[in-house]
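**Student:** pasted the sequence and its predicted model underneath.
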Amino acid sequence: MNPKVSVIVPAYRTDPFIEDCIESILSQTYDNLEAVIVYERDDSFMVDLLAKMEDPRIVHVKQDKNVGLSNARNMGIAASSGELIALCDGDDLFYPEKLERQVETICSGYDLTYTDVDIIDDEGNIIGTSTTPEWDLKLWLRRTYIAASSILFRRNLTARVGVFDEDLHANEDLDFLIRAAGVAKIKRTPGVLTARRIHSSNMSRKIFKNVGTRFSVYRRHGYTGLAFYAALKNIVVTPLLLWIMNRPSVYRKLKNLRQL
């Protein structure tokens, strides 16, 4: 089977990284794909960049104004034509075999799949790796280890659970995955196949702003106890992890200690 994959790429405030992101998609070993780039109509940088790239697999989706990540993803999905949907934030990267490996997983009887993730800095240096376990809903709800840019899912999943909630300014992927978990067959695709970039403009750094949305997402799905746990984790643990990951020498030492 060779289903078409549509990769949805919101391109807003990603100027230093977006070209590498798009190139990583177009350089996949899986060739039946399109890169759906969502950007503001008056973004001269993106207009010039995409004109320079001139690849027929690039689909342009122009917004009059950026109104959030959920809206950009939904516009991209609506404009896409693939049977399968992948997400890639504009500052992240796909490794060459990502889609090929994930399509194999999906075609073996699953609705959604995810991968292990390298954590990279502004320069593309690997500062850590997130190795994910096999799918376990209870474990995932506590650890939320699935990176949005690592997932691939069947288009018909959106007909069953809806698209991304445009009322959420963050954690829209968490909300989508909780809804999907109720109906989808989910499977991990083993291997580090995605790179997630941590830098000063990441939404994940807006820790206190994200606490409220994460809390509300858990509450709306009936996980009240986890809502308080997630809030505490975001306030206390997440800043510490970001501090460590931005100091590679500290990260390596701690990682070596865990392996002893």
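**Tutor:** Ah, there it is.
**Student:** find the residue ranges of the protein scoring beneath the pLDDT cut-off.
**Tutor:** Filtered on pLDDT under 70, the chain yields the residue ranges 200-209, 232-248, 250-260.
**Student:** for the longest strand along it, which strands pair with it and how are they oriented?
**Tutor:** Ranked by residue count under DSSP state E, the longest strand found in the chain is strand 186-197. Sheet neighbours of strand 186-197, with direction, are listed as strand 93-94 (antiparallel), strand 112-120 (parallel) (DSSP bridges).
**Student:** next structured bit after that strand?
**Tutor:** Downstream of strand 186-197, the first helix or strand assigned by DSSP states H and E is helix 207-220.
**Student:** how about the secondary structure of the nearest residue to Q28 once chain neighbours are set aside?
**Tutor:** Once flanking residues are discounted, Q28 sits nearest to L99: 4.8 Å by C-beta to C-beta, 6 or more residues apart in numbering. All C-beta atoms are positioned from the backbone trio N, CA, C, and that covers glycine. What DSSP: H, G, I helix; E, B strand; the rest coil gives for L99 is helix.
**Student:** got it, and the one 4 residues further on?
**Tutor:** Recorded secondary structure, V103: helix (three-state DSSP).
**Student:** for it, give me its contacts.
**Tutor:** 1, 3, 5, 30, 84, 152 (C-beta atoms under 8 Å, 6 or more residues apart in numbering).
**Student:** ok so, going back, of all the strands paired with strand 186-197, which one is nearest V47?
**Tutor:** The closest of the strands paired with strand 186-197 to V47 is strand 93-94. By C-beta to C-beta, the value is 22.5 Å.
**Student:** does L137 touch A181 like I think?
**Tutor:** Yes: if you go by C-beta atoms under 8 Å, L137 and A181 touch, sitting 5.5 Å apart.
**Student:** hang on, the earlier thing: for the strands paired with strand 186-197, which one sits closest to F215?
**Tutor:** Proximity to F215, assessed across the strands paired with strand 186-197 by C-beta to C-beta, is greatest for strand 112-120 (23.4 Å).
**Student:** how far is that closest one from where the chain is centred?
**Tutor:** Distance, stretch centre to chain centre, for strand 112-120: 8 Å (C-alpha atoms, centre = their mean, to the nearest Å).
**Student:** now stretch 71-88
**Tutor:** With C-alpha atoms, centre = their mean as the basis, the mean position of stretch 71-88 lies at 13 Å from the chain mean.
**Student:** re the thing from before, out of L137 and A181, which sits in the more crowded spot?
**Tutor:** The neighbour comparison of L137 against A181 (other C-beta atoms under 10 Å) goes to A181, with 16 against 12.
**Student:** residues touching that one, list them.
**Tutor:** 137, 140 are the contacts of A181 under C-beta under 8 Å, 6+ apart.
**Student:** please renumber so the chain begins at 697
**Tutor:** Noted, 697 is the first residue going forward, which turns the last one into A877.
**Student:** if we can go back for a sec, what's the most buried one of the strands paired with strand 882-893?
**Tutor:** strand 789-790 (a mean of 24; mean count of other C-beta atoms under 10 Å).
**Student:** which residues touch that strand?
**Tutor:** Contacts to strand 789-790, defined as C-beta under 8 Å, 6+ apart, come from residues 703, 716-717, 720-721, 724, 784, 816, 820, 845, 889-891, 893.
**Student:** kindly report the same for stretch 850-861.
**Tutor:** Against stretch 850-861 from outside (C-beta under 8 Å, 6+ apart): 702, 765-767, 769-770, 773, 776, 778-781, 802, 807-808, 868-869, 871-872, 875-876, 878-880.
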